[in-house]
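Student: okay, predicted coordinates and the sequence, questions at the end:
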Amino acid sequence: MERLTGMDAIPVNAEAGPMNIHITALLLVDPRPAGPGFDADHLYALLAERLPRNPLVRLRLVHKPLRLGQPVFVDDPDFDVHKHLQRLAVPAPGGPRQVAALIDEIHRHRLGHDKPLWEAWVIEGLADGRLALAVKFSHALSDGVGAVNRLLPTLLSTDPDHDPDYPEPGPAAPLPGTGDLLADWLAESAGNVAGAARVVGRGTPQLGRAVAERLLSMAAAPLRRLRGGEIDTDPRLRAAPADTPLNRPISERRNSAYAEVELDRMRDLGAAYGVTVNDVFIAACTTALRQWLLAHDTVPDGPLQVFVPISTRSADDDAFNSWSLALVRLPVFLPDPVERLTVIHQATNRVKSGRGANGPTVDVVDLVQLVPPTLLRMAASTYVLDLVAPLRPPFFHACFSNIPGPRGPLWLGGARLEGIYPFGPLFQDMNVNLTAVSYDGHFGLGVVGCPDNVPDVWEISDAWLAALGELDRNRPQCAPLTTPRERDEADEYEGSAD
C-alpha cells in the first residue's frame, strides 16, 4: 500500500465535469524489421505478455472511508491485462488525420477507478502497413518524464535482438481493510501537521524577500522607463491575461493533431539565436496561437498565460510525479517573431533564476500537499459550473510541455519504434495543450484542443511547423546570447513533466 502525495492525487481529486486529467501517447511502430510474422495479433500478444511485468500497470486506486485523506495505490489482486487491452482499425486511407480521429475518441473518455488507471489500443490499418499503439494513463500513475523512464522500458528494448528483462510478478496481497486505511489516514494527518510547520518556517523569510524585491522593483521602474528599459518591460506583459476564445469553457469532446521535426533542427535554431531548445519550442507554440487568433478572432493587446510543467525528477527518482509548474506570459501581441523569442527567453531565464535561488523555498508542491482532498474536489466541481464561468478570470490559455525522451532507437519484439506523440489534458478554461517528446533525433509534437472552441487543431500544428520556418528565415547575423554549454545545461534542466 503506497499513499499518493498531494501532487499525485491532483488528477484524481480535481477531475470534474469535462476535465479528464490523463495522458495519451501514440507510438508508431514499423513491423518490417521484425519480419512478416509481426502483425496486430503478434503486437497484442507481446503487450499482453510484457505489460503485467511492470509493477506500475498493476496498481489500483483505493479510496479511504469517506474519502478522508489521499487515496492509496495497491497491487490489484484481480488484475487482468485483457481488461485494459483493446484493438482498433483506422479507416482508409490510414493517414495521420484518420489516426488522430481515433485518438480523439480514446482521449476524451475518463479512466475508471475500478481497475488500474490505464488502457491501451493496438491500431492497425495504417498506410504502408505500419502499426500503432495508443496508451492512455492517469497523471496520478505517472508524469511524462516518469512514463519515459518507468513505463517504456517494460515494452521496449535498445537492442532489436534482445527483449527487456523484467521478472514475473508475484501474487498480490488482498485489498487493505478499513482499519489499515484509517491508520494510514492518521499517519498522513500527522505528517501534514509537520509539513505545515515546515512551510511556515520556509515561507516567512521567503515572503519577506518577495516583499522587499517588489518594493525595490517599484522604486526602480521609473529609472528603467527613463533609460528605455528592456523588451520584457512592455506594460502589456504586466496586464491581466487576455480574454480570448482559447479560454472558453470546454466540453468533453477532444480534437487531436500531431507533427514531427528533426531534433537537430531545433538545436540549430537554438544555437543560432543563443537560446535553448525549450525557448524555440515555446516561441513556435506562441506563434502558432497568434496565427490561430489572427485567423479566428483578433490578437489581444494583453498576454496569453500558459501553464509550463517543469520536471524535478532526478536520475534515481521513482516517485509517481516529480514536477512543479511555472506560469509564463506570452507576448502574443508582438508581430515580430524574433522579438517574441527574445521576450520568451528572458521569461524562461527568470523562471530558472528564481528556482535556482539560494536558501529554502516554498514550492507549489509543498502547498498542494496541505490541501484537503475534499476541499480540492469541491473547488474543482465549482470551477466547472457554468454559473461561475462569467466570474472567474482566465487562469491560463494553454499548456506547453517538452519531455526529454530516449536518445536512441527502441525496439519491440524486433519491430522498430518510429515515433512518439503525446497528448495532454485540457482544463475547464484551457482549450489547447501542446506537448512534445524528443526521441531518437526527432521532436514529436502532439496537439489537443476542444473542438467546440478550437474546431481544427491541425491549423495549430501546421502553424507550429510554419513558425519554425519563420525563425529559420530570420536567423540573426550577430553572435548568440549564450554559450553552447549554457544552452545544453538549460535544456537538460527544463525538460517538462506533462
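Tutor: That came through, no problem.
Student: so Tyr439 is in contact with Ile403, correct?
Tutor: No: contact status for Tyr439 versus Ile403: not in contact, 9.5 Å apart, counting by Cβ atoms under 8 Å. The way it works is simple: take the backbone N, C-alpha and C, and place the C-beta from them, glycine included.
Student: show me the helices in the stretch 201-350 of the chain, by range?
Tutor: Here the stretch 201-350 of the chain has its helices, by DSSP state H, counting those that start in this stretch, at 263-273, 277-296, 337-355.
Student: isn't Ser157 right up against Asp163?
Tutor: Yes: with contact defined as Cβ under 8 Å, Ser157 counts as touching Asp163 (5.7 Å).
Student: re the thing from before, and of the helices of the stretch 201-350 of the chain, who's closest to Val145?
Tutor: helix 277-296 (13.6 Å; Cβ to Cβ).
Student: which strands and helices sit next to the closest one?
Tutor: helix 263-273, strand 304-311, strand 323-330, helix 337-355, strand 398-403, strand 432-439, helix 458-473, helix 484-493 (3 or more Cβ pairs under 8 Å, 6 or more residues apart in numbering; DSSP states H and E).
Student: for the nearest residue to Asp30 once chain neighbours are set aside, give the beta-bridge partners.
Tutor: Spatially, and ignoring its direct neighbours in sequence, Asp30 is nearest to Arg416 (4.7 Å; Cβ to Cβ, 6 or more residues apart in numbering). Here Arg416 sits in beta bridges with Asp30, Trp411, going by DSSP bridges.
Student: would you confirm that Arg416 contacts Leu27?
Tutor: No: shown here, Arg416 and Leu27 do not form a contact pair, counting by Cβ under 8 Å, at 11.0 Å.
Student: which one's more surrounded, the two?
Tutor: A count of neighbours by other Cβ atoms under 10 Å puts Leu27 above the other of Arg416 and Leu27, at 23 against 18.
Student: let me know the secondary structure of the more buried one.
Tutor: strand (DSSP: H, G, I helix; E, B strand; the rest coil).
Student: begin at 49 from here
Tutor: With 49 as the first residue, the last one maps to Leu75.
Student: now do the contacts for it.
Tutor: Leu75 sits next to 180-183, 465, 467-468 when contact means Cβ atoms under 8 Å, 6 or more residues apart in numbering.
Student: of all these, which comes closest to Pro100?
Tutor: Nearest to Pro100 among the contacts of Leu75, with distances taken as Cβ to Cβ, is Val183, at 14.4 Å.
Student: so in that sheet, which strands flank the helix or strand hosting the closest one, and in what orientation?
Tutor: Using DSSP states H and E, Val183 sits within strand 179-186. Here strand 179-186 is paired, per DSSP bridges, with strand 70-78 (antiparallel), strand 166-172 (antiparallel).
Student: any chance of those in a markdown table, plus mean pLDDT and distance to Gly497?
Tutor: Shown next, in a markdown table, are the strands paired with strand 179-186 (pLDDT from 0 to 100; distance: least, Cβ to Cβ, whole Å):
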| stretch | mean pLDDT | distance to Gly497 |
| --- | --- | --- |
| strand 70-78 | 96 | 14 |
| strand 166-172 | 97 | 21 |
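Student: do you know which of those strands lies nearest Arg377?
Tutor: The nearest among the strands paired with strand 179-186, by Cβ to Cβ, is strand 70-78 at 25.3 Å.
Student: can you pull out the low-pLDDT segments for this structure?
Tutor: 242-281, 401-414, 434-441, 525-546 (pLDDT under 70).
Student: following the record's annotation, map out the domains of it.
Tutor: 50-234, 279-450+472-541 (automatic domain parsing).
Student: list the contacts of the nearest residue to Leu474 once chain neighbours are set aside.
Tutor: Using Cβ to Cβ, 6+ apart and skipping the chain neighbours, the partner closest in space to Leu474 is Ile298 (5.4 Å). Shown in contact with Ile298 (Cβ under 8 Å, 6+ apart): 66-67, 474-479, 498, 500-501.
Student: now stretch 294-310, how far from the chain's geometric center?
Tutor: With Cα atoms, centre = their mean, to the nearest Å as the basis, stretch 294-310 stands 13 Å off its chain's centre.
Student: run a quick neighbour tally on Asn369.
Tutor: Counted with other Cβ under 10 Å, Asn369 comes out at 28.
Student: ok, so of the contacts of Leu75, who is nearest His445?
Tutor: The closest of these to His445 turns out to be Ile468 (Cβ to Cβ; 25.5 Å).
Student: quick check: angle from the strand or helix carrying that closest one to strand 446-451?
Tutor: Remark: Ile468 resides in strand 463-471, with elements defined by DSSP H and E. Angle between the axes of strand 463-471 and strand 446-451 is 150 degrees (criterion: axes from the mean of the first three to the mean of the last three Cα atoms, to 10 degrees).
Student: who are the packing partners of strand 463-471?
Tutor: Where contact means 3+ Cβ pairs under 8 Å, 6+ apart, strand 463-471 is packed against strand 70-78, strand 303-310, strand 480-487, strand 490-497.
Student: a markdown table please, covering those and showing distance to Leu136.
Tutor: Output for those, formatted as a markdown table (distance: least, Cβ to Cβ, whole Å):
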| stretch | distance to Leu136 |
| --- | --- |
| strand 70-78 | 12 |
| strand 303-310 | 14 |
| strand 480-487 | 22 |
| strand 490-497 | 18 |
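Student: closest one to Trp506 among those?
Tutor: strand 303-310 (4.4 Å).
Student: report the buried residues of the closest one.
Tutor: Of all the residues in strand 303-310, those buried under the rule 16 or more other Cβ atoms under 10 Å are 303-309.
Student: picking up where we left off before, filter the contacts of Ile298 to the buried ones?
Tutor: Of those, these count as buried by 16+ other Cβ under 10 Å: 66-67, 474-479, 498, 501.
Student: what's the farthest-apart pair in the residues you listed?
Tutor: Counting by Cβ to Cβ, the most remote pair of the buried ones among the contacts of Ile298 is Met67 and Asn501, 14.6 Å apart.
Student: closest to Leu230 out of the buried ones among the contacts of Ile298?
Tutor: Met67 (29.7 Å).
Student: if we can go back for a sec, and of the strands paired with strand 179-186, who's closest to Thr334?
Tutor: Taking those one by one with Cβ to Cβ, strand 70-78 is closest: 22.7 Å.
Student: could you check the angle that closest one makes with strand 480-487?
Tutor: Using the same axes, to 10 degrees: strand 70-78 against strand 480-487 is 40 degrees.
Student: chain center to strand 70-78, what's the gap?
Tutor: Using Cα atoms, centre = their mean, the offset of strand 70-78 from its chain centre is 14 Å.
Student: and stretch 498-506, by the same measure?
Tutor: The answer for stretch 498-506 is 19 Å, by Cα atoms, centre = their mean.
Student: could I have the CA atoms of that stretch written out in CSV?
Tutor: Provided in CSV are the C-alpha atoms of stretch 498-506 (Å, rounded to 0.1, in the frame of the first residue of the first chain):
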residue,chain,number,x,y,z
CYS,A,498,-11.7,21.2,-27.6
PRO,A,499,-13.4,21.3,-31.0
ASP,A,500,-16.3,23.4,-29.6
ASN,A,501,-13.9,26.3,-29.4
VAL,A,502,-10.9,25.2,-31.5
PRO,A,503,-12.5,23.4,-34.4
ASP,A,504,-9.4,22.1,-36.1
VAL,A,505,-6.1,21.8,-34.2
TRP,A,506,-4.3,20.8,-37.4
